[in-house]
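In: With the sequence up front, the predicted model follows.
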Amino acid sequence: MNSRLHQVPGHSWLGTPIDARSLFAPEHAALIATVRGLAPGDWNREAVPGWTVRDLGAHLLRDFYGRLARDRDGQREGPAFAPGETLEAFIHRINQEWVDAFSRVSPAALTDTLGLVGGQVARFLESTDPNSPSLGVSWAGVDPAPMWLDIAREFTEFWTHRQQIRHAVGQDTDRDPRFLSVVLDTFMRALPHTLNEVDAPVGTQIRMRVDGPAGGTWTVTATGSRWSLAEPGTAHPTALVRLDAETAWRLCTRGIRPETALARARINGRRDLAEAACRIVSIVY
């Protein structure tokens, strides 16, 4: 990886760039170890509403193939938007079509293909230029997005789906801070977009603090034109929200509702701003 990360002009409000490229190989190894350890009956357990573990595995494979086709191979053909279809509806539709098509594929064949194609994805993403333009990241409100953000978003999706498989079979979240710290850092890049409609005086700051080895601190500042993660934090933000890591990532993926996160949070300062920050969503929802 020879590309040096820098902030793409016009996107400084997103904060310091994230380099997730080297994490795809160990994340992929963890995924394959998880699915190879599943019992036959585990594949039919519900992983997310409406999808089994096998469905979720097929969805991951779609993501793998899509990344290689689009960015490595320059493939531009594919499903088109239906008249009047929103981005969210389009994504949900094509995801379901793929899952339905893979309903006859055995878990063993699916596992082998995930191993093969996922390995290619990891190797390809390690070689990408993080400063180049890429697909938009809708939940961050940026299109086109810098490649570093698109890649980090992709990493969070792979990681989140692995946790959903783990939870479906009774395993706890993998809290390895190598992975979870990057996941949380990426998810928090949704804060400026989350607060887009919140009017506040210039200099107003909301600080999100996640405790634990994978945690961190993110301060978003009202600048007049937008909220920004690039401004230095003050000693006394207008609102401070402290969460544990499990609550934080589940909130960002809507595994729990904002009111549940708020009940678990420690809040100082203006509660209305804390409530606004906890409306964060870091997935297409």
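Out: That came through fine.
In: Now do the helices in this protein.
Out: Using DSSP state H, the helices of the chain run over 24-36, 53-67, 87-101, 107-126, 147-168, 177-187, 191-194, 245-252, 258-264, 271-277.
In: Now do the first one: everything it contacts.
Out: What that stands for is helix 24-36. For helix 24-36, the surrounding residues in contact (C-beta atoms under 8 Å, 6 or more residues apart in numbering) are 57, 60, 107, 110-111, 114-115, 118-119, 121-123, 125-126, 155, 158-159, 162, 165-166, 174, 178-179. Bear in mind the C-beta positions are built from the backbone N, C-alpha and C, glycine included.
In: Check which residues of that helix are buried.
Out: For helix 24-36, the neighbour count (16 or more other C-beta atoms under 10 Å) marks Phe24, Ala25, Glu27, His28, Ala30, Leu31, Ile32, Thr34, Val35 as buried.
In: now do the third one
Out: Of the residues in helix 87-101, those with enough neighbours to count as buried (16+ other C-beta under 10 Å) are Ile94, Asn95, Trp98, Val99.
In: Which of the residues you listed sits closest to Ala190?
Out: Taking C-beta to C-beta as the measure, Ala190 lies nearest Asn95 of the buried residues of helix 87-101, at 20.4 Å.
In: Just give the closest residue to the closest one, not the sequence neighbours.
Out: When the adjacent residues along the chain are set aside, Asn95 lies closest to His59, with 5.9 Å between them (C-beta to C-beta, 6 or more residues apart in numbering).
In: Ala101 is in contact with the one you found, correct?
Out: No: His59 lies out of contact with Ala101 (C-beta atoms under 8 Å); the separation is 11.3 Å.
In: what about the residue nearest to Asn95, distance to Glu97?
Out: His59 sits 11 Å away from Glu97, going by C-beta to C-beta, to the nearest Å.
In: Torsion angles phi and psi at Pro232?
Out: Reported as degrees, to the nearest 10, the phi and psi values for Pro232 are phi -70, psi 140.
In: residues in contact with the residue nearest to it when sequence neighbours are not counted?
Out: Among residues not flanking Pro232 along the chain, Thr219 sits closest, at 7.9 Å (C-beta to C-beta, 6+ apart). Going by C-beta under 8 Å, 6+ apart, Thr219 touches Gln205, Ile206, Arg207, Met208, Leu229, Glu231, Pro232, Gly233, Thr234, Pro237.
In: Show me which of the residues you listed are buried.
Out: So, by 16+ other C-beta under 10 Å, the buried ones in those are Gln205, Ile206, Arg207, Met208, Leu229, Glu231, Pro237.
In: can you name the two of those residues that are farthest apart?
Out: The span of the buried ones among the contacts of Thr219, defined through C-beta to C-beta, is set by Met208 and Glu231 at 14.3 Å.
In: And the residue nearest the centre of this structure?
Out: In the chain, the centroid-proximal residue (C-alpha atoms, centre = their mean) is Thr156; its distance is 3.6 Å.
In: hang on, it packs against Arg189?
Out: No: contact criterion C-beta under 8 Å: Thr156 and Arg189 do not qualify, at 9.9 Å.
In: Need the residues touching each of the two.
Out: Jointly contacting Thr156 and Arg189 under the rule C-beta under 8 Å, 6+ apart are Ser282.
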